[in-house]
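generate coordinates for the sequence data below:
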Amino acid sequence: MDVLARLDVYQRRHRWAGLPLAVTYKFYDDQVAYLAALLTYYGFVSLFPLLLFLVALLSAALNGNPHLQQSVLNSALSEFPVIGNQIGDNIHSFHGSGIAVGVGIAGSVYGALGVAQAAQHALNKIFAVPRHARPDPLRSRLRGLTFLLLLAAGLFATTTLSAADSAAGIAGTRLAGGVRVVVVAASVLLNAFLLMVSYRLLARRRLPFRLMYGPALGGACAWQALQWGGSYYVGHVLRGATATYGMFGIVLGLLAWIYLGSVVYLTTAEIAAVRCLRLWPRSLLTPFTDRVHLSSGDLRAYRSYATTEAFKGFEKVSVHFDPPPPPVVGEGKEAGDG
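Numbers count the residues shown, from 1 in each chain. As a prediction, this is how the structure comes out:
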C-alpha cells in the first residue's frame, strides 16, 4: 500500500501523469465504449448508402468527363479506405442509377440523423450538460442537420486535397512527395478544426478554443493514422481473399474502422472535457474501492455526473460525501505482503 500511496501522490503532482489517468477514469465513468457502439450502428447504417448517393451524384455531374470523374471519385472514396475501394472497383454497376439515389437518400437520412443525435447525446454527457439544458427534439435535429452540413463541407475540402495529391502524382515523383506532405499536414489541420467546431456546435456548453486545440490536433493525427491503417488493411489483408472471406472481411473491417473512428472522436472530447472542467487530478484507487480519500478532481467529477441527470431547471441536485469508511483490519499488511 505504501507503493500505491507514493504513486498516487506522484501522479497528483505531475500533470503528465495525472491528466491521462483522469481521462482514462472519465472514459470509464462515461461508458464511452458503449457510446461509440451507438455511433457505430448509425454510422454503419448511413455510410454505405451515403457513398452510393455520392457516387451516383458525382457520376451524373461529371458524366461528360470520364477522366475527371474517375479522379474525383477516387479522391472522395479514399477518405473511406475499407469500403471506398470496393465501391470504386465496382463503380460501373451503378453509374447514375436511380435505385442507388433512392436507397442513398432513404438510408443516409435515417442513419445520418441518427449519427448526429447519438453524437449530441454523447458529447452532452461527456461535457456534463444537464438534461434540461439540452435542446428539445426539434432543435436537436436542426443542430444535427447543421452538423451534417459541416461533415459535407469537410468531405468536400478533403476530397479537394486528395485530388490535388493525385494530380501531383501524375506530374512526377519528386513533386508528388512534397505535395503529399503538404496535403497530409493540411488534412490534419482541417480535421482538427472540424473536431473543435463540431464539439462547440453539438455540446451545449461554452468550450474555449485555447483548451481544445491540443486535444483536437491529437485526435486529427489519430484519425489520419486510422485512415492509413484502413488502407493497409484493404491492401494487405483483403487482397487476394476469397469471395466469402472478402465479404466478411469488408463488413467486419468497416465496423471496426467506424468504431475506432468513434472512439477517437469521443476520446478527444474526453480529453477536452477533463481540461475544460478541471476534472483532474483523480485519486489512483477511486474506481476500485470506497476506502479512498477523494481528490478535488474526484469531487468535481462526481458532482458533475449527478447534476448532468437533472431533467428540469428548477430541479436542484446537491451532492454530499460522507467520510470514507476505515480500511479493513489487516488489509494494508496483506497488500504489502503481496
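
show me where the stretch 51-200 of the chain has helices.
66-77, 81-89, 98-126, 137-171, 173-202 (DSSP state H, counting those that start in this stretch).

buried set for the helix or strand hosting Leu260?
Per DSSP states H and E, Leu260 falls inside helix 243-277. For helix 243-277, burial by neighbour count (16 or more other CB atoms under 10 Å) applies to 246, 249-250, 253-277. The C-beta positions use only the backbone N, C-alpha and C, and glycine is treated the same way.

could you list the buried residues of the following helix or strand past that helix?
Where DSSP H and E defines the elements, the next helix or strand beyond helix 243-277 is helix 296-308. Under the neighbour-count criterion of 16+ other CB under 10 Å, helix 296-308 has Gly297, Asp298, Arg300, Ala301, Tyr302, Ser304, Thr307, Thr308 buried.

which of those residues lies closest to Gly114?
Nearest to Gly114, judged by CB to CB, of the buried residues of helix 296-308 is Thr308 at 22.0 Å.

ok, now which ones touch the closest residue to the closest one other than its chain neighbours?
Closest residue to Thr308 apart from its sequence neighbours, by CB to CB, 6 or more residues apart in numbering: Ala128 at 4.9 Å. By CB atoms under 8 Å, 6 or more residues apart in numbering, Ala128 lies in contact with Arg205, Ala273, Leu277, Ser304, Tyr305, Thr307, Thr308.

can I get those in TSV including distance to Ala222 and pLDDT?
Below are the contacts of Ala128 laid out as TSV (distance: CB to CB, whole Å; pLDDT from 0 to 100):
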residue	distance to Ala222	pLDDT
Arg205	23	90
Ala273	17	96
Leu277	22	94
Ser304	25	94
Tyr305	26	95
Thr307	30	92
Thr308	26	94
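
pick the one among these closest to Trp223.
Ala273 (18.5 Å).

the closest one and Val32, how far apart?
Distance, Ala273 to Val32, by CB to CB, to the nearest Å: 11 Å.

and for those two, which residues touch both?
With CB under 8 Å, 6+ apart, Ala273 and Val32 have common neighbours Ile126.

just give me the neighbour total for Leu38.
17 (other CB atoms under 10 Å).

state the distance from it to Ala119.
From Leu38 over to Ala119 the distance is 9 Å, taken as CB to CB.

over to Gly253?
22 Å.

kindly report the same for Ser198.
8 Å.

neighbour-wise, which of these two wins?
Ala119 (27 against 21).

just the pLDDT for the closest residue to that one other than its chain neighbours.
The shortest distance from Ala119 to any non-neighbouring residue, by CB to CB, 6+ apart, is to Leu202 (5.6 Å). pLDDT recorded at Leu202 is 93.

number of nearby residues for Leu202?
That count, for Leu202 with other CB under 10 Å as the rule, works out to 24.

please apply the same query to the one 10 residues further on.
Taking other CB under 10 Å as the criterion, the count of residues near Met212 is 24.

try Tyr233
Tyr233 - counted by other CB under 10 Å - has 18 other residues nearby.

ok, the closest residue to it other than its chain neighbours to Gly230 distance?
Nearest in space to Tyr233, with sequence neighbours left out and distances taken as CB to CB, 6+ apart, is Gly253 at 5.5 Å. Here the distance between Gly253 and Gly230 works out to 7 Å (CB to CB).

related to what we said a few turns ago, list residues touching both of Ser198 and Ala119?
Going by CB under 8 Å, 6+ apart, residues that sit against Ser198 and also against Ala119 are Phe147.

do I have it right that Val23 meets Thr268?
No: counting by CB atoms under 8 Å, Thr268 is not a contact partner of Val23; they are 10.0 Å apart.

residue ranges in the stretch 101-250 of the chain under the pLDDT threshold?
101-108, 163-177, 234-247, 249 (pLDDT under 70).

quick one: residues contacting the residue nearest to Ala119.
Ala116, Ala119, Gln120, Leu123, Asn124, Arg143, Phe147.

now Arg206: phi and psi?
Main-chain dihedrals, Arg206, degrees, to the nearest 10: phi -70, psi 120.

count the neighbours of it for me.
8.

from Ala119, how far out is it?
18 Å.

again with Ala222
Taken as CB to CB, the span from Ala222 to Ala119 is 17 Å.

please apply the same query to Ala152.
15 Å.

again with Arg278
24 Å.

go on, Tyr259?
14 Å.

same question, Leu201
10 Å.

need the overlap of contacts for the two.
In contact with both Leu201 and Ala119: Phe147, using CB under 8 Å, 6+ apart.

for Leu145, list the residues it contacts.
Per CB under 8 Å, 6+ apart, neighbours of Leu145: Leu113, Ala116.

an error on my part: the question was meant for Thr308.
So Thr308 contacts Lys125, Ala128, Val129, Pro130, Arg131 (CB under 8 Å, 6+ apart).
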